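Visitor: here's a sequence, model it:
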Amino acid sequence: MSSQTITLPDGRSLGYATIGKGKPVMYFHGTASSRLEVYLLKQLTIKEKLQLIAIDRPGYGLSTYKPRKNIQDLNNDLNFLANHLGIEQFNVLGWSGGGVFALAYITCFPQRVTCGVIASTPDLPFDATTAHNNIPFAKYVMKLSFLGKIAMQNMRRQILRADTPEAFLQSRQGQQTLHTCSSRDLTFFANPTWIGLMHQSMKEAFRQNNSINSVLEEHKLFLNPWNLPFKNLNNKVLWIWQGTEDKTCPIKNAYNIAHKAKGCNLEIFPTQGHYAMFDNIEKLKERLKTFN
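Guide: Modelled structure (predicted):
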């Protein structure tokens, strides 16, 4: 795996990582994660001519923090990176909170996207309580900055203090994460390699002090309704993936997005949860290979 940075026109650094060679796939990591999350998808590049390119959003990992006012703010950064790499067209893949930013890019720059897959993605405006054990207080934590910062500081502290994935899972934050998992999701957290990579990606997400602002800002952005040109998706190949047992992003979110994104392909995975994408690597290969 290769992690690098480039300097954006405004002087900020943009961190990114690449795996494999072949048809480029721009990957949008989940909220409170980082470019290292793409390691979990390494199997996609085995025996396939695919190159995964994952970026750190502002404030995560190696990318300089910058306040974001809307979900389209990342688009210019991605275009600059694609131009820097000499890539004109590419596939787009986004998971969880990253799916929101992937969809923002696909709708605004459809001419550059050959195929899009968004998995376990929240519909906007998103009810924050559904991602936090149905606790009504969670909605106010995201709306009130001082409460949100306290919550994010505690989350960052627990993740960075955990020397091992096992230690993280035993922390309060780790236990909350497990509580929001379906029975199928829990099989991932029982895999030492998988949870090791996920924990590494989360620690990388919080390496900067400003990371708590980035996470909080994304949650706040998710509380606003969509403001995207969905009409641009006409004749654009877009797959929406969703597990029926997703406790973090319930299935109604996928149906709502599909209603707005006319003509897209909605693919439902029975008995699977928030991590359904990682449980269907072979099918994901086929979706991304179709447009090589």
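Visitor: now for the closest residue to I257 other than its chain neighbours: which residues touch it?
Guide: Excluding its sequence neighbours, the residue lying closest to I257 (Cβ to Cβ, 6 or more residues apart in numbering) is D123, at 5.1 Å. Every residue, glycine included, has its C-beta placed from N, CA and C. Going by Cβ atoms under 8 Å, 6 or more residues apart in numbering, D123 touches W226, K252, N253, A254, N256, I257.
Visitor: for my notes, confirm the fourth one occurs in a helix.
Guide: Going back to what we said before, that points to A254. Yes - counting by DSSP: H, G, I helix; E, B strand; the rest coil, A254 is found in a helix.
Visitor: can you pull the contacts of it?
Guide: So A254 contacts T121, D123, I240, W241, Q242, L266, I268 (Cβ under 8 Å, 6+ apart).
Visitor: for the helix or strand harbouring the fifth one, output the C-alpha coordinates as CSV.
Guide: I take that to be Q242. Take DSSP states H and E as the rule and Q242 turns out to sit in strand 238-243. C-alpha atoms of strand 238-243 as CSV (Å, rounded to 0.1, in the frame of the first residue of the first chain):
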residue,chain,number,x,y,z
LEU,A,238,-25.4,3.6,-9.7
TRP,A,239,-25.8,0.8,-7.3
ILE,A,240,-27.3,1.3,-3.8
TRP,A,241,-26.3,-1.6,-1.4
GLN,A,242,-28.1,-2.1,1.9
GLY,A,243,-28.3,-4.9,4.5
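Visitor: could you pull out the buried residues of that strand?
Guide: Residues L238, W239, I240, W241, Q242, G243 are the ones in strand 238-243 that count as buried (16 or more other Cβ atoms under 10 Å).
Visitor: how about the residues you listed, which pair is most distant?
Guide: L238 and G243 (17.9 Å; Cβ to Cβ).
Visitor: any idea which helix or strand of this structure has the worst average confidence?
Guide: Within the chain, no helix or strand scores below helix 137-143, which has a mean of 55 by mean pLDDT, DSSP states H and E.
Visitor: any low-confidence regions in the stretch 151-292 of the chain?
Guide: Along the stretch 151-292 of the chain, the model assigns pLDDT under 70 to residues 235, 290-292.
Visitor: for it, what spans make up the strands?
Guide: For the stretch 151-292 of the chain, strands defined by DSSP state E, counting those that start in this stretch occupy the ranges 238-243, 265-269.
Visitor: any chance of those strands in a markdown table, plus distance to N209?
Guide: Supplementary listing: the strands of the stretch 151-292 of the chain in a markdown table, determined by distance: least, Cβ to Cβ, whole Å:
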| stretch | distance to N209 |
| --- | --- |
| strand 238-243 | 34 |
| strand 265-269 | 38 |
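Visitor: tell me what L93 is bridged to.
Guide: Y27, V117 (DSSP bridges).
Visitor: stretch 68-88: end-to-end distance?
Guide: 25 Å (Cα to Cα, to the nearest Å).
Visitor: pLDDT on it, on average?
Guide: Stretch 68-88 carries an average pLDDT of 97.
Visitor: mind listing what's buried in that stretch?
Guide: R68, I71, Q72, D73, L74, N75, D77, L78, F80, L81, A82.
Visitor: repeat that for stretch 31-43.
Guide: Here stretch 31-43 shows T31, A32, S33, S34, R35, L36, E37, V38, Y39, L40, L41 as buried, counting by 16+ other Cβ under 10 Å.
Visitor: what's the end-to-end length of it?
Guide: Stretch 31-43 end-to-end distance (Cα to Cα) = 22 Å.
Visitor: for the contacts of A254, work out which two are farthest apart.
Guide: Among the contacts of A254, D123 and I268 lie farthest apart (Cβ to Cβ), at 14.9 Å.
Visitor: wait, what's in contact with K260?
Guide: Going by Cβ under 8 Å, 6+ apart, the list of residues near K260 reads W226, F230.
Visitor: quick one on the thing from earlier: among the strands of the stretch 151-292 of the chain, which is nearest T114?
Guide: Across these (criterion: Cβ to Cβ), the nearest stretch is strand 238-243, sitting at 11.0 Å.
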